[in-house]
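Visitor: coordinates only, sequence not included:
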């Protein structure tokens, strides 16, 4: 079969890499729109560093800081209108997956007129504003993918804009922006990255290149799990344990590599079901994946033991149940799910292209069983 | 420190991937120059497939098939003149490292006027012809790097043009073009790829991403070594053992990944010395690296045992001497080297930037000792 590798984003990593590479912004354009959420980019210093860099090279900018969690279609049209009205010619997105996904859609919509009904069509002109991205969580991988995932109320799920136009031009990875992330956010985003790496290996589009990156990403995340668990237990006990900057770097780079993986492979049944958990039950995206991932790997283990075995070997596990138990420790007490929800979510997931993307394609019955087991305490 | 990842080439892999993706050529331009050597692209079917694809989409083309091994500066200026005189607007390079490296320089020189004295200066306008590359050996990695390595008679060595402009736009990897490669060529090119992966891990620019690709590349090449050795012994015994297409695919993809590695890391002391062996002693480039690689890894093992250990672990070895012995088996009887040559080559190598790129920087004395040991039978 034909396979592909493509990831044209320039990635710059390291301490103070934004300010040290200010001149890179001059290659992107003459006026920037900074796209971010209301608070975190201000608190963690990333927005300040971007502004310092822009001011150092004399580039004027506006800030659109109204991106909410799981950004809406209305939000990205609002951002694009702001960009167009102000003659902005490049986008800087700062934050977790939400501002980055919104930033991509804004870069697309500011460069070409797309009716809302055609937003997810895949038919676009070959034009987009250049983009510089600054991830401030270690999970989404959006900084190196061609996906913009938006809340789609008409379809009652999250839907992706998918086009190579959406690869950011440049992305800056500085782990210090992730140091203030709380324990639960750190765990949820790490699980999101882990899910990307694992799902990448479970995709029909997996290749030697994507598997190489996935295995390394899994190893790096797993090496941080003991300390994440310790931090979680400390939180529960009312004390505090913080991850080291070195661990933050590991997680950020593991997330980067997992993003490079899904840029090649897409995601699988786990994301297909996870989107419903987020849309209908407001469960954090990474946590939603974590609830489902161990259970799905158990199904894969039954049908394709060698494939599951390669993934488990990267975790130093021999059985998928060991992985599921570890995830359960990281996830803590679970939400409730009703039989009606199970029926609805599995039906919706069964119709997604993520299922066709699986090496082991779950039936609707499989999806139901997986959802039920995912929420078992 | 600041680290980087950048490799914007679109990689297409698989059986008949050129013909199946003919339409991709229409995105590159309206008239092609095919850059290749005199024979192999004709024999292995790659040139025919490229022509079939171009004809399917109605793109006219010329063929420049005068690229020699270790291409000269005169050759690339000749190719560029042909391109300009005929209004060619994109380049297709087919072959091993020589046609691909020449193709890159031709794409650059056809798009902008560069005096020969400035060819290696790094100061270029931001313009180059689009490029489609078809590797027909599994070793160089040139299909995914920003390097064009040319024979530089003034400097009496091989010198690189280095600019991000030289990343090919698209590269097609179809292992069937490598099936007719003889045993010795197969081994030499596999050693070249192995050297890229190992040297990438020994570079000061190594990162988690490049190491992930390097480890996978090393594992894949090493998995083919027993059969390469068997084929070599069969050749020596006057019989024939051929590698399977599956093994050819492994080697081609390992070479791809090793190329992605050196695009990030550059090469080290091994290439620095190897260039002299090729320039002055006409030793094949991959073989030259193979002669030096095991000896250099032994030096690294003494100074940075953990680093050497990670590389050796990917080979399932515990000591660098095991690797050197394996290379010796693959290389067979060695050439002679004089003490005058050792002095000259180590002096030249000590002044290259490849040495500064090493985690373990050999002194000129180290280089002398390594060269002597490399040629010990």
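Guide: Arrived safely. Everything quoted here is computed from the prediction, not taken from an experiment.

Visitor: please name the bridge partners of residue A:162.
Guide: residue A:147 (DSSP bridges).

Visitor: that one against residue A:122, yeah?
Guide: Yes - between residue A:162 and residue A:122 there is a contact under CB atoms under 8 Å: 6.3 Å. Yep, even glycine has a C-beta here, placed from its N, CA and C like the rest.

Visitor: and the two? which has more neighbours close in?
Guide: Set residue A:162 next to residue A:122 and count neighbours by other CB atoms under 10 Å in any protein chain shown: residue A:162 wins out with 16 against 10.

Visitor: helix, strand, or coil at residue A:67?
Guide: Three-state call for residue A:67 (DSSP: H, G, I helix; E, B strand; the rest coil): coil.

Visitor: residues touching it, list them.
Guide: By CB atoms under 8 Å, 6 or more residues apart in numbering or on different chains, the residues touching residue A:67 are A:35-37, A:75, A:79, A:95, A:98-99, A:102-103.

Visitor: hmm, 6 Å instead?
Guide: Shown in contact with residue A:67 (CB atoms under 6 Å, 6 or more residues apart in numbering or on different chains): A:37, A:98-99, A:102.

Visitor: so how far is stretch A:286-304 off the chain centroid?
Guide: In this view, stretch A:286-304 has its centroid 18 Å away from the chain centroid, taken as CA atoms, centre = their mean, to the nearest Å.

Visitor: buried residues of that stretch, list them for me.
Guide: A:286-301 (16 or more other CB atoms under 10 Å in any protein chain shown).

Visitor: residues of the stretch 201-350 of chain A that sit close to chain B?
Guide: Residues of the stretch 201-350 of chain A lying near chain B by CB under 6 Å from any CB of the partner chain: A:208, A:212-213, A:216, A:253.

Visitor: just say helix, strand or coil for the most far-flung residue of chain A relative to its centre.
Guide: Within chain A, residue A:58 marks the point farthest from the mean C-alpha position, 31.9 Å out by CA atoms, centre = their mean. Here residue A:58 takes the coil state, with states given by three-state DSSP.

Visitor: could you check the pLDDT of it?
Guide: Per-residue pLDDT puts residue A:58 at 98.

Visitor: what sits against it?
Guide: Listed by CB under 6 Å, 6+ apart, residue A:58 has no contact partners.

Visitor: phi first, then psi, for it.
Guide: phi 70, psi 30 (degrees, to the nearest 10).

Visitor: quick check: next helix or strand after the longest helix along chain A?
Guide: Longest helix in chain A by number of residues (criterion: DSSP state H): helix A:208-236. Next helix or strand after helix A:208-236 toward the C-terminus (DSSP states H and E): helix A:245-265.

Visitor: list of residues touching that next one?
Guide: Helix A:245-265 is contacted from outside by A:5, A:7, A:138-139, A:141, A:144-145, A:173, A:175, A:178-179, A:190, A:193, A:196-197, A:200, A:203, A:205-206, A:210, A:213-214, A:216-217, A:220-221, A:224, B:208, using CB under 6 Å, 6+ apart.

Visitor: the following helix or strand past that helix vs helix A:245-265, what angle?
Guide: Of the helices and strands lying after helix A:245-265 in sequence (DSSP H and E), the nearest is helix A:269-281. Angle of helix A:269-281 versus helix A:245-265, following axes from the mean of the first three to the mean of the last three CA atoms, to 10 degrees, is 110 degrees.
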